Structure formats: C-alpha cells, structure tokens
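Peer 1: prediction below, plus the sequence it came from.
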Amino acid sequence: MRAALVTSQNPHDPLDGLTIDAEYPRPESKPGHTLVRLKAASLNPHDAWTLRGVGHPADRVPMVLGCDGAGVTEDGREVILHSMMGDADRGDGDATLDPKRALLSETIDGTLADWILVPDELLVDKPEGITFVDAACLGIAWGTAYRMLFTRARIRPGDTVLVQGASGGVSSAAIALAAAAGATVYATGRTEEKRQFAIDNGAAAAFEHGERLPKRVDVVVETVGGGDVGS
C-alpha cells in the first residue's frame, strides 16, 4: 500500500525525513482492532513536529504520519477515526489526562496511508451529512476546541467568548462551535483577511490584536502562543 512516513528527523529540514513508500506493508488484522481503508486524511502541525524530532523519540522511526482520517471498514462501515488513545482510569476519569496517552502516528502508524489498523474504540460512525474530506479534519482541531469550550469552560447560550487568532485550526473550530452553541463570539486577527475569515466562520465581530473589545467576555480561547506565532 502507499504510505507517507517519517524515516529520519531533521529540525532544520523536516522534509528531508519524509518518505513516500508505494510498497509499505498493509497492516494485518488482530483481535480488538479494525482495519480501515482511508478515504481522506488531513495534515496537522504535529506531522511537521514529528519530522523535526519534536516530541517524537528517534526510536519510533520509521512511522506512518497522520493523526486524522476517515474511511470505510472491511464490512462497509463509514467511520471517523478518533485521534487519541488513552485510558480514562489512568487520567482520573479523563483519557486526555492519561500520562501514557498518544495520538495516532506517535505509537502506532498513522492515517497517511491506504489502510490503517486501529483499536476498535477509536471508531466513530460518520454522519451521512458530512463528507469524508470534512470528517478527516475533525479529530485534532475540532476535538481540542470542543473540549476547551464544553468540558473545560462549559460555555452556555448567551456567553461571550473571545477567540485569539482567527484563522488557526483550533481557533477557527472554536469560533464555529461557540457560535453554534449560542455564544457571542469575538475574534482577533493580524490581517483584515483573517478577521473577515473569523466573521464568515461565525464570529459576531473581529478585532486587531490589542484592540479594546465592546464588553467583558466570559471565556477566552488562546492557542496562539508568543507574538511571533502567526494567527
């Protein structure tokens, strides 16, 4: 099968360690796991970090890249792949707090391939109204935004939410989710184009960084980091 792998890591030239293998062995079935034929997979900054050697030990190379994907099981079930593997018991009831948690492509081969073998609990039925391409973008960005808004902040209709960095993956997902939940969403962006993107995505208004907001907010979503990081 075809697969995109990290075969070496270079912090200065990450693409130097990217290998496209047309004859990578297809995974073999085993109990408790399901084979999925990928219909779509999305790129994520995590893939670049893996190629740079950030947070991915060299002894886990080679590895198929890709954290997010959607496809069809051997029995015809259309599924979205949950990106994170974890044990809620080790995380005091929250699998995302499991010290041994891992994303696809960290400890098992990822989604940038024709086939993937995943634990059964990572399969989520794909709704009929969503395409495979859209479904393949949900795991990392939308899952993170959902957890921030509804598990951590517990936003409610009528809340006012500020999302810093209008065009980032998690930020844009947070704008759309918060707006859909009935919140008033403000966003910030470094360019007019990015601010307009936020409005088109559901924000009530968008502002330059540092600009005064019309009122106090209930929740702030911050994923941008330092000032040298693009928004």
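Peer 2: Thanks, I have it.
Peer 1: by contact count, what packs against the longest helix anywhere in the chain?
Peer 2: Longest helix in the chain, counting residues (DSSP state H): helix 169-180. Using 3 or more Cβ pairs under 8 Å, 6 or more residues apart in numbering; DSSP states H and E as the contact criterion, the secondary-structure elements in contact with helix 169-180 are helix 143-146, strand 160-164, strand 184-188, helix 192-200, strand 219-222. For the C-beta atoms, the positions are set from N, CA and C on the backbone; glycine is no exception.
Peer 1: and it, what's its mean pLDDT?
Peer 2: If you average the pLDDT over helix 169-180, you get 96.
Peer 1: for stretch 38-52, same thing?
Peer 2: The predicted model gives stretch 38-52 an average pLDDT of 96.
Peer 1: around residue 184, count how many other residues there are.
Peer 2: For residue 184, the tally of surrounding residues (other Cβ atoms under 10 Å) stands at 19.
Peer 1: which residues does residue 94 contact?
Peer 2: By Cβ atoms under 8 Å, 6 or more residues apart in numbering, the contact set of residue 94 is residue 88.
Peer 1: adjacent strands (with direction) for the helix or strand of the chain with the lowest mean pLDDT?
Peer 2: Across the helices and strands of the chain, the lowest-confidence element by mean pLDDT, DSSP states H and E is strand 84-85, at a mean of 92. For strand 84-85, sheet partners with direction are given as strand 102-103 (antiparallel), following DSSP bridges.
Peer 1: longest strand in this structure, by residue count?
Peer 2: Taking DSSP state E as the assignment, the strand of the chain that covers the most residues is strand 33-42.
Peer 1: which residues sit against it?
Peer 2: When contacts are taken as Cβ under 8 Å, 6+ apart, the neighbours of strand 33-42 outside the stretch itself are 27, 29, 66, 68-74, 79, 81, 110-120, 123, 131-133, 135-137.
Peer 1: which of the residues you listed count as buried?
Peer 2: Buried residues within the contacts of strand 33-42, counting neighbours by 16 or more other Cβ atoms under 10 Å: 27, 66, 68-72, 79, 81, 110-113, 115-116, 118, 123, 132, 135-137.
Peer 1: next step: these restricted to helices.
Peer 2: Using DSSP H, 132, 135 are the members of those that sit in helices.
Peer 1: now, the buried ones among the contacts of strand 33-42 that are in strands?
Peer 2: In strands, judged by DSSP E, the following of the buried ones among the contacts of strand 33-42 are found: 68, 69, 70, 71, 72, 79, 81, 115, 116, 118, 123.
Peer 1: partners of the first one in the sheet?
Peer 2: Partner residues in beta bridges with residue 68: residue 42, with DSSP bridges as the criterion.
Peer 1: the fifth one too?
Peer 2: Here residue 72 shows beta-bridge partners residue 37, residue 78, assigned using DSSP bridges.
Peer 1: so it versus residue 122, what's the distance?
Peer 2: With distances defined as Cβ to Cβ, to the nearest Å, the gap from residue 72 to residue 122 amounts to 15 Å.
Peer 1: now do the fourth one
Peer 2: With distances defined as Cβ to Cβ, the gap from residue 71 to residue 122 amounts to 12 Å.
Peer 1: any residues in contact with both of the two?
Peer 2: Counting by Cβ under 8 Å, 6+ apart, the residues touching both residue 71 and residue 122 are residue 81.
Peer 1: run through this protein and note the low-pLDDT ranges.
Peer 2: Low-confidence regions of the chain, defined by pLDDT under 70, span residues 225-231.
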